[in-house]
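Q: quick one, structure for this:
(chains A and B)
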Amino acid sequence: DTGVSQDPRHKITKRGQNVTFRCDPISEHNRLYWYRQTLGQGPEFLTYFQNEAQLEKSRLLSDRFSAERPKGSFSTLEIQRTEQGDSAMYLCASGTMGQPQHFGDGTRLSIL
Amino acid sequence: AQTVTQSQPEMSVQEAETVTLSCTYDTSESDYYLFWYKQPPSRQMILVIRQEAYKQQNATENRFSVNFQKAAKSFSLKISDSQLGDAAMYFCAYRSAISGATNKLIFGTGTLLAVQP
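A: As a prediction, the model looks like this:
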């Protein structure tokens, strides 16, 4: 069990730039989640995949955000035209039905 | 919509002592799970303990135990014999067990636990 892997760990970018994060879930997990955590807050749900299908998106996920999970394996989260308010920790978690989610280390995004 | 409330932003405990972290939640669902997660500074979120709502018996995991009061919608975490490595942010979380639900977690705002040597 290699755990959930996220890349990069840190990303610093200028406002208006596009960024993409990657998440590699635990191999046998068919469910994958993205959360966003701002300073001093608990993680907030962004979106959920079951295999390759994106089954739920939070209203927090504006049209500047897009997520994919091709072939039901790794997932990417892209943010276009980044804004100051996008600065946060982006967490990925994976799991199977009825079992607890396992989290990655997260990607910390800083917008200059 | 479900909500999770942690009313203690920070707590402190002496090493080897016992501390209780509070959590309340609101839901109209009858079947759900509750969790406590631990997030050390700059490190991965780790599951500490979970409780199924249909179980009356409180969950325990070594030094960690919960006091689950379903009618009061309360779910507190007790850490016994506190150790320096217990210092972290602790999050209470709710997850629906309704068939077809996404199983997304709804988190509280967290309690930062400091352990004094």
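Q: what is the neighbour count of residue 26?
A: Because you didn't say which chain, this covers chain A. By other C-beta atoms under 10 Å in any protein chain shown, 17 other residues sit near A:Ile26. For glycine as for every other residue, the C-beta is placed from the backbone atoms N, C-alpha and C.
Q: you looked at the wrong chain, it should be chain B
A: 11.
Q: list phi and psi for it.
A: In terms of degrees, to the nearest 10, the main-chain angles of B:Asp26 are phi -130, psi 130.
Q: against A:Leu55, how distant is it?
A: Applying C-beta to C-beta, to the nearest Å, the value for B:Asp26 to A:Leu55 is 25 Å.
Q: before we move on, what about B:Thr60?
A: From B:Thr60 across to A:Leu55, the span is 34 Å (C-beta to C-beta).
Q: cool, and B:Arg43?
A: On the measure of C-beta to C-beta, B:Arg43 and A:Leu55 end up 29 Å apart.
Q: what segments of chain B are helices?
A: Shown for chain B, no helices are assigned by DSSP state H.
Q: tell me where the model's unsure across it.
A: Filtered on pLDDT under 70, chain B yields no residues whatsoever.
Q: repeat that with 80
A: B:42, B:99-102 (pLDDT under 80).
Q: contacting residues around the residue nearest the centre of it?
A: Nearest to the centroid of the C-alpha atoms of chain B, with distances taken as C-alpha atoms, centre = their mean, sits B:Trp36, at 2.9 Å. Applying C-beta atoms under 8 Å, 6 or more residues apart in numbering or on different chains to B:Trp36 gives the contacts B:21, B:23, B:47-50, B:64, B:66, B:75, B:77, B:90-93.
Q: up against chain B, what does chain A have?
A: Taking C-beta under 8 Å from any C-beta of the partner chain as the contact definition, chain A meets chain B at A:3, A:31, A:33, A:35, A:40-45, A:48, A:55-56, A:91, A:93, A:95, A:97-98, A:100-106.
Q: so B:Ile79 is in contact with B:Val13, correct?
A: Yes. At 7.4 Å, B:Ile79 and B:Val13 qualify as touching, with contact defined as C-beta atoms under 8 Å.
Q: give me the more crowded residue out of those two.
A: Neighbours were tallied for B:Ile79 and for B:Val13 using other C-beta under 10 Å; the higher tally belongs to B:Ile79 (23 against 18).
Q: who does the more buried one form a beta bridge with?
A: Going by DSSP bridges, B:Ile79 is paired in beta bridges with B:Val19, B:Phe64.
Q: distance of it from A:Glu52?
A: Looking at B:Ile79 against A:Glu52, where the rule is C-beta to C-beta, the gap reads 40 Å.
Q: what residue in chain A comes nearest to chain B?
A: Among residues of chain A, the one nearest chain B by C-beta to the nearest C-beta turns out to be A:Gly42. It sits 3.1 Å away.
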